[in-house]
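S.K.: Next come a sequence and a model predicted from it.
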Amino acid sequence: MPRIKYAQIENKNALIELLEEGKPLEKIYLANNAYKDPKTKRVLELARKNNIPIEKIARRSISRRSKTSSHESVIGLMEIDNQYSLQELLSEAFTDGKQPFYLIFGDIKYPQNVGAIFRTAYAAGVTGIITPVQKANLLSDEIIRISMGTCLRIPIVEVGLFAAIKEIKKQGIPVLALDMDGKDLYDTDLTGPVAIILGSEYTGVSSKIRERIDGVISIPMNKGIGSLNVGVASAITMYEKYRQELAGK
């Protein structure tokens, strides 16, 4: 049997969002001397409502258990349940009235970018994140913290990018890259199913990927600026699609 993977959530806002969504946390650890501020009270209220065990432990035990420098008095333990195969993701593409909107990561290296992209992606209605197979755990404690738990709420697929592009296109879903020297983002129809590739912080989208996709889109900028941070650029693009979808209703 595959080993069950767990995530540790050390941010009260993230815990509240996960609990409000009904995510089945395994346990909540609470420091014995925890100050019952409104957020802590809300975490405990939701945990009890969802029948999640609450274990009181010494403050020093909380500190030893902590993997970040958050110094929170509440820690949640959750089984990771959002890792899919590509076939599973595609088979659910049009269920629940949702149309597929995928982000494909090229070789994004910095956790702060990955975490920020996850947070924006969840807010903008992205239905899946596709990434190359990772040497280390993509859902690291740092990325969970930066994304405030949203990286645990979006389906994730780890697969070779060429294979992913081929299978996505077979489903009739256009694949676009966000990079330099492409069609103006604001002149591009982004409504409907689409997959958008985000390149690496250093090299953008490779020529081999460009050869396999349906087009390249770019964000217009003043002269003298070569590119934007990938987290910022992806946020602009996701919300332009969101705006276009709203305008079409």
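M.R.: In hand now; what should we look at?

S.K.: Ala123 should be in a strand, yeah?
M.R.: No: counting by DSSP: H, G, I helix; E, B strand; the rest coil, Ala123 is not found in a strand; it is helix.

S.K.: what number of residues lie near it?
M.R.: Look at Ala123: counted by other Cβ atoms under 10 Å, it has 13 neighbours. Any C-beta I mention is one placed from the backbone N, CA and C, and that applies to glycine too.

S.K.: I'd like the distance between it and Thr150.
M.R.: Ala123 is 8 Å from Thr150, where distance means Cβ to Cβ, to the nearest Å.

S.K.: In contact with the residue nearest to the spatial centre of the chain, which residues?
M.R.: By Cα atoms, centre = their mean, the chain has its centre lying nearest to Phe118, at 2.8 Å. Counting by Cβ atoms under 8 Å, 6 or more residues apart in numbering, Phe118 touches Ile129, Ile143, Ser147, Thr150, Cys151, Ile154.

S.K.: How about the secondary structure of it?
M.R.: helix.

S.K.: quick revisit: could you dump the contacts of Phe118 to a markdown table with secondary structure?
M.R.: Formatted as a markdown table, the contacts of Phe118 follow (three-state DSSP):
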| residue | secondary structure |
| --- | --- |
| Ile129 | strand |
| Ile143 | helix |
| Ser147 | helix |
| Thr150 | helix |
| Cys151 | helix |
| Ile154 | coil |
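
S.K.: Just the buried subset of those residues, please.
M.R.: Ile129, Ile143, Ser147, Thr150, Cys151, Ile154 (16 or more other Cβ atoms under 10 Å).

S.K.: Pro132: neighbour count?
M.R.: Pro132, neighbours per other Cβ under 10 Å, totals 16.

S.K.: shouldn't it be in contact with Asp107?
M.R.: Yes: using Cβ atoms under 8 Å, Pro132 is in contact with Asp107, at 7.0 Å.

S.K.: what bits of the protein have low per-residue confidence?
M.R.: 1-4, 69-71, 135, 249 (pLDDT under 70).
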